[in-house]
Each structure stands twice: as structure tokens, then as C-alpha cells.
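A.B. asks: sequence below, structure please.
(4 chains)
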Protein chains: 2
Amino acid sequence: MLTNRQLLILQVTVDDFIHTAQPVGSRQLSKKEEVPYSPATIRNEMADLEELGYLEKTHTSSGRIPSEKGYRFYVDHLLTPQLASSDDMLQIQSVFKERMVETEQVIQKTAMILSELTSYTSILLGPDVRKHRVKRFSIVPLTNDSAVAIIITDSGHVENRLFQLPIGLTASDIEKMVNILNEQLIGVHLHELHHALEKETSALLKQHIGRYGELMSSFGAAILSPQEEKVFYGGKSKLLHHPEFNDLQKARGLITMMDQVNQISTLFSPNQAGIHIRIGSENNLLEMEDCSVITASYTIGEEQTGSIAIIGPTRMDYRRVVTLLDVMSSDLSRELTRILRGSG
Amino acid sequence: MLTNRQLLILQVTVDDFIHTAQPVGSRQLSKKEEVPYSPATIRNEMADLEELGYLEKTHTSSGRIPSEKGYRFYVDHLLTPQLASSDDMLQIQSVFKERMVETEQVIQKTAMILSELTSYTSILLGPDVRKHRVKRFSIVPLTNDSAVAIIITDSGHVENRLFQLPIGLTASDIEKMVNILNEQLIGVHLHELHHALEKETSALLKQHIGRYGELMSSFGAAILSPQEEKVFYGGKSKLLHHPEFNDLQKARGLITMMDQVNQISTLFSPNQAGIHIRIGSENNLLEMEDCSVITASYTIGEEQTGSIAIIGPTRMDYRRVVTLLDVMSSDLSRELTRILRGSG
DNA sequence: TATTAGCACTCTCAAGTGATGAGTGCTAAC
DNA sequence: GTTAGCACTCATCACTTGAGAGTGCTAATA
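C.D. replies: This is a model prediction of the structure:
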């Protein structure tokens, strides 16, 4: 168990390092008014904190910097909640003031403003379309052997796929097919669609439609291909402006990683409410060992749908980011719900 | 007018610098078998070429590097055409072997393979949707005061917009409206759609639909918002691996620029067939002064629709990139046309 | 007994030095 | 017209040095 003085010194050390990016020394700390101890006392405490694994030295006679364990303790126990500054609030509100109609537009704008306010990189995961329900099917023939299938969801999202038409299929065949789909499959989740099509609807279709086999293999394949959550970035280059990425090697690694969507998804905790923080190696990604990720989630209506992440150096301003993320995620939820409900 | 020997020396100098990224000295050049002159002779010629503005020195006693004028001369007069290597051809064909159905998927894959093959960054501009023609309208109500408007183009592209419904609009009103739109506006270019709606169709709609004014202001606005060409990147981080961007400052500038879509569009020449090369400052962009851009365009059917660009350092392998771009653009055109025509 | 002052020691950083090597320009010889 | 030779320039690297910041330890102090 840490003494109060140790807690104080750890907190002040982390705070200071977060803002200066320089190892903090005992003399420097003792000058602060919150710390009424002499450098020597502080040195002793720091030595203990280092022994306990909360602080590190960059070399034998440098000041201390927080270790990962130090950051972890800091965010778990020393992070006093804080209200967003009125400046920030103003900026955030200005985003939502202009009424936007498209979900993606709102999300993109949110990503931008988040990275502007924090000076870190933001990543927003778009709504998980697979959880949405079918509202309407439509099929529009383009040529005599190709057509586009359109699925409108109850959220107003539109999915569309090209697929091949078997030769000889009549317009009335297609009309029948659309009718059957609309009778049978309304309200089905998108991720269950292919399954439902095969289990429940295929028998009906088989009865009514000529060239059933060919049609289904092509249409079914089109429906199957899963729609990934869309990824929105804000300020990809912001990260590079922090001193920890002066190392070209690290900078390259980061940029490369951000281009690989599958790596990005590992940064997000399985979709759960609340704010989560992963520090350095907790991200299980070599390129991210000097980064921390703070995630939150947003909702549309009642449903937990998308995620927000801020990526910064481990030496990031946790307090500020947590506060902003908290405000932003609820504002975003409200705005997206408004768009969907049309109550504007 | 340059002598043959000067041409030879310029060419070999540029070639060498492109591959080594090191200033080339006279001794080094004279060792090559294509250059049967002594270092002293070469020094004299290089001095002349420098006076003429084709070569530069990095410092008083370094080897020479090509100036922008030198590169320009090189690509204009010394770039002998070349067939793609069979290795490259194999790789390219392997992309198109797996039959993809979605236009965007094909373009994205093309972007990737281009950047893999060249080790530079590729940018593909998606088809200019505004040139496509309306094939079918559809409107799907979501709640009692919001709906999604869907426009299917003859290319199989699907546009959709949320818009507000005036309260009290009946289902039959909407049906009538869709019918009128489909009677009047089929075949209209997307970029003329808003104009055509107001000029030709609004009178008809006014006659048949209740709450006309409110409906039109909301629907019209939804139709108006222009659809930008989509931008696809391949290998954004590739550029950072070339030695000219070891300078953190430059690297940051580049990454920042690539995140700003409006800057990207200035890199593309106004859509014209053939291959175009812009060297360094010819791009009129501060961040791009050490980069060259090579652009080509692709077509779907008959129409000039999209652009391909490769961004590399000015010291890029122009010959190879031009060759690859040539092959890729025609392959991509063929593939996209196949998808559209459905002749697969 | 807890805290602090003092001091020797360590390590980084920046500036300075000198040797090395690649390359040039010029001149004179071929 | 071409080339060999030579003096000169400049970047780079390894090495040294001094200043500054910080530590750990010990002894003095409250």
C-alpha cells in the first residue's frame, strides 16, 4: 500500500511528465507548491516508487518517468474526474449546431473535431450494420444479365450489391421474387439474412421462380458478403507531431498500422459501454507499445452500435481525453438518434 | 542542343541516381561500360550540364544529382518505352483472376497492387458518379416524418439520402411522386438532376402532390448535395520508406497532405487520356516539392471516368511506373467494363 | 525518528577537433 | 579533343571535452 506522500509524488510526477515529456527530477518537483518536501525526501520516495515498479529511469542519473504500471495506477486511482472546459464545450456544440442529415457525415465530423481538440488521432467505428433490420428489398435490373440488389434497413442505411441474372429470367419473375423477399424477410437482422434466406424463404422462391438454382447461387452470394463496420479517421498525422515519434522507425510503424484495417479492429475492446483505457503493451501490438488507446461507445436509439477511440502516446493527457470522450460519445449518440428518429 | 555524349551522360546520371539515391560522381560513372570516357571528360561534360541547368550539386564537392529541369528532360526525351516484366504481368493478372463483383472492390485492390509493385503510394479516383445517368428512383419511408431517397444509375451505382417528410403526406402521395420521378427523370445525368427536377418536373409534382413546398425543399436539398469522387489509397506509408523522407518534417507534411482530400484532387490533371507526369514543384504544392506524380485514367465502357496516380519521390523510377500504369489502367478499364456489362 | 543539506558521482548533450574519403576544378601533357 | 595529376573542398565519423541536471549516500538537524 502506498503512503499518501507516495501517492502525491506519483501523481505529480505523472502529471508533470504528461505535460513536459521530460523526465522529472526531485529538485524540479520540490519547487511545486503542492509538494512541500525537499529534493532529498522526494528522491527517497522516488527510489521507493521505482522499486515498486511505478517509476523508471531512462539512464542512471536522469529524472524519473512513469512505467506502464505507473500509468495504470494513475488512471485507475489518481484520475480525478473533471468537467469539460467551457471552451471545449463551445467547440463541440458548434459541430452539432449545423444540422446534418447523413449519419456518416456526422461521424466523420466528430472524428475531426475530436482529433482537433485532443491533438491525437481519433478512430470511429461506424454503426454495425449487421445488427440493423431489413426494412425493404428492391431489385433493379441493369442489363439482361445483371441487376443490383438493394436492401434498406430500418436505420435508413442502404446496402447494395451487383449480381448476375440467369439468362431468360423474366421481369415478372423478378417482381415475384421481390415480393416474396419483402413478405418473408422484413425485420430480419442483416447478419442473419443469408441464413434466413436459405432456411425459410428458398422453398417459397423455388415454387414460384424459374431458373431458381442459378439465381440463388448468384443472389445468395451477393447477400452473403459481410459488410464490415466502416472506419473513420480524424487527424491521422496528429500523432506524428508528438516528440515520442521523432523516431522515424516508430512513425513508420504507426502509419503502416493505421492503414491496416484488421489491425485497427483489435484496438477496440469488445463492444461494451463506458470508457476503457489500454496502455502501451496492453494493446498487444508491437507498433503500439508507446501508445495508449482510450475507447468509448455510442448508441443509436437504444442499441449499442459504434465505438470511438483516441490513440495517443502513453504519455497522453488521460484526464482531458476521458472527459472529452465522455461528452462526445453522448452528444454523438443524441445526434445520431435524432437523425434516425427524424425528430428534428 | 545537347550533344550525344551529353545526352548519354545525363541519362546515365539520372538512371544511376534513381537507383542509388546517392549523388553520382565522375569516377563512378566512368566505370560503367556504357560510358567509355575518363572521369575528367565526364567532369567537363557534367560541368556543362550543370551550367545548362540539368544537374545540380548538393555541396561544392559532391557528385551531381538531377535538377527538376533534368528530370523533365529525362522523362520527355530519354525515357525509352519498355514492356512490363513477366513477373509484374503475372502479379497483375493474379489480381483480376478472382472475379470480383463490386466496382469499389476492384479499384481498391488495384490501388493495393499498384503500390506493392512500385513501392510508392497510389491514389485512385473512383468513377465520377455525376456523369452517370439515372436508371431508377425509389423512396422508402422510415418513420412518419423521414424517408430515404434512392437513385440507381445505369452503371449500377446506388446513391441514397435521408430526407424529412412533411407531416401528413400520404403513402399514395409518395407513390405518385416516385412514379412521376421515374417517368420524367430517367436518363438524366446525376449532376443535372437537381436542375432538371426544378425546371421540368416540379410543375408536374406540384399538380399531383399535397404539401408540395415542404416536400420539395427537403427532397431537393437531399438530391442537391454533390457526390464527390471517392478516393482510394494504396500504401500510404510506402512513401515514408524512401530515404528522401528521412526528414521528419517532410514526412509529416506528406502524411498531413494525404489526409486532406481537397489537396489530393489538385494533384490530378483535368481528366484527360494518356499518361501525365508532374515533377516536384510542378505540383504547385509545398509539401510535394520532393515528389513526382504520374497520372493515368481509366474508362468504363466508352466514358472517361476515373484517374490513377502514383506518388513517389522526384527520384522515382519513372520508366517502371509509366509502364505499370499503362498496363494497369487498361486492365482496370477492361475489368470494370466487364462488371458493368455483366459479360462474365 | 523523519527530514534535509551537502557532496561525490554518473550520464546526456552539445560543441569542437581531426582524420578519412569522395569528389571537384584546373592545368598541362598526350 | 581527351586524359592524367594535383590541390582543394566538403561531409561524415569517431573522439574529446565541459557544462548541466540528476542521483545516492552520509551526516547533520529538528
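
A.B. asks: mind checking which helix or strand the residue nearest to A:F96 when sequence neighbours are not counted is in?
C.D. replies: Among residues not flanking A:F96 along the chain, A:E335 sits closest, at 5.3 Å (C-beta to C-beta, 6 or more residues apart in numbering or on different chains). Quick note: C-beta positions are derived from backbone N, CA and C, even for glycine. Using DSSP states H and E, A:E335 maps to helix A:318-341.

A.B. asks: can you list the buried residues in that helix?
C.D. replies: Using 16 or more other C-beta atoms under 10 Å in any protein chain shown as the test for burial, helix A:318-341 gives A:318-329, A:331-333, A:335-337, A:339-340.

A.B. asks: do stretch A:171-181 as well
C.D. replies: Quick answer for stretch A:171-181 (16+ other C-beta under 10 Å): A:D173, A:I174, A:K176, A:M177, A:V178, A:I180, A:L181.

A.B. asks: which of those sits closest to DNA strand D?
C.D. replies: A:L181 (67.7 Å; C-beta to the nearest atom of the strand).

A.B. asks: wait, a strand at that closest one?
C.D. replies: No: read with DSSP: H, G, I helix; E, B strand; the rest coil, A:L181 is helix and lies in no strand.

A.B. asks: list the contacts of the residue nearest to it when sequence neighbours are not counted.
C.D. replies: Counting by C-beta to C-beta, 6+ apart, A:F137 is the residue found nearest to A:L181 once chain neighbours are left out, at 4.2 Å. By C-beta atoms under 8 Å, 6 or more residues apart in numbering or on different chains, A:F137 lies in contact with A:A149, A:I150, A:I151, A:I152, A:V178, A:L181, A:N182, A:L185.

A.B. asks: make a ChimeraX selection of whichever of those turn out to be buried.
C.D. replies: Remark: buried members of those, expressed as a ChimeraX selection using 16+ other C-beta under 10 Å:
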select /A:149,150,151,152,178,181,185
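
A.B. asks: show me which pair in the contacts of A:F137 is furthest apart.
C.D. replies: For the contacts of A:F137, the maximum inter-member distance is 13.2 Å, found between A:I150 and A:L185 (C-beta to C-beta).

A.B. asks: could you pull up phi and psi at the residue in the stretch 201-344 of chain A that DNA strand D sits nearest to?
C.D. replies: Across the stretch 201-344 of chain A, the shortest distance to DNA strand D (C-beta to the nearest atom of the strand) belongs to A:L248, at 15.2 Å. The phi/psi pair for A:L248 (degrees, to the nearest 10) reads phi -50, psi -40.

A.B. asks: then A:V148?
C.D. replies: The phi/psi pair for A:V148 (degrees, to the nearest 10) is phi -120, psi 130.

A.B. asks: give me phi/psi at A:T295?
C.D. replies: Torsion angles at A:T295 (phi, psi; degrees, to the nearest 10) stand at phi -120, psi 150.

A.B. asks: just give the number of residues close to the residue of the stretch 201-344 of chain A closest to DNA strand D.
C.D. replies: By the criterion of other C-beta atoms under 10 Å in any protein chain shown, A:L248 has 15 neighbours.

A.B. asks: surely it and B:L248 touch.
C.D. replies: Yes: contact criterion C-beta atoms under 8 Å: A:L248 and B:L248 qualify, at 6.7 Å.

A.B. asks: quick check: A:R161 touching A:G220?
C.D. replies: No: between A:R161 and A:G220 there is no contact under C-beta under 8 Å: 10.7 Å.

A.B. asks: quick one, which of those two is more surrounded?
C.D. replies: Of the pair A:R161 and A:G220, A:R161 is the one with more neighbours under other C-beta under 10 Å, namely 20 against 15.

A.B. asks: A:I308 in helix, strand or coil?
C.D. replies: A:I308 is classified as strand under three-state DSSP.

A.B. asks: ok, now the one 4 residues further on?
C.D. replies: Under three-state DSSP, A:G312 falls in the strand class.

A.B. asks: check contacts around it.
C.D. replies: The contact partners of A:G312, by C-beta under 8 Å, 6+ apart, come to A:T118, A:Y120, A:T121, A:L239, A:H242, A:C291, A:S292, A:I294, A:V321.

A.B. asks: roughly how far out does the strand or helix carrying A:E104 sit from the chain middle?
C.D. replies: Per DSSP H and E: A:E104 is located in helix A:103-118. With C-alpha atoms, centre = their mean, to the nearest Å as the basis, helix A:103-118 stands 12 Å off its chain's centre.

A.B. asks: quick one: buried residues of the strand or helix carrying A:S292?
C.D. replies: A:S292 belongs to strand A:291-300 when assigned by DSSP H and E. Neighbour counts over strand A:291-300 (16+ other C-beta under 10 Å) mark A:C291, A:S292, A:V293, A:I294, A:T295, A:A296, A:S297, A:Y298, A:T299, A:I300 as buried.

A.B. asks: between those residues, which is nearest B:K31?
C.D. replies: Nearest member of the buried residues of strand A:291-300 to B:K31, counting by C-beta to C-beta, is A:C291, at 47.7 Å.

A.B. asks: how much space between the closest one and B:G280?
C.D. replies: Computed as C-beta to C-beta, to the nearest Å, the A:C291 to B:G280 distance reads 34 Å.

A.B. asks: ok, A:T295 next?
C.D. replies: 42 Å.

A.B. asks: what's the answer for A:R64, then?
C.D. replies: Here the criterion is C-beta to C-beta. By it, A:R64 lies 47 Å from B:G280.

A.B. asks: between these two, which one's more packed in?
C.D. replies: Neighbour count, other C-beta under 10 Å: between A:R64 and B:G280, A:R64 has more, with 28 against 18.

A.B. asks: burial check on the closest residue to that one other than its chain neighbours, number of neighbours?
C.D. replies: Excluding its sequence neighbours, the residue lying closest to A:R64 (C-beta to C-beta, 6+ apart) is A:L55, at 4.1 Å. Neighbourhood size, A:L55 [other C-beta under 10 Å]: 26.

A.B. asks: contact partners for A:V158?
C.D. replies: A:V158 sits next to A:I150, A:I151, A:I152, B:V148, B:I150, B:V158, B:N160 when contact means C-beta under 8 Å, 6+ apart.

A.B. asks: closest to DNA strand D out of these?
C.D. replies: Top of the list for closeness to DNA strand D, among the contacts of A:V158 and by C-beta to the nearest atom of the strand, is B:V158 at 54.8 Å.
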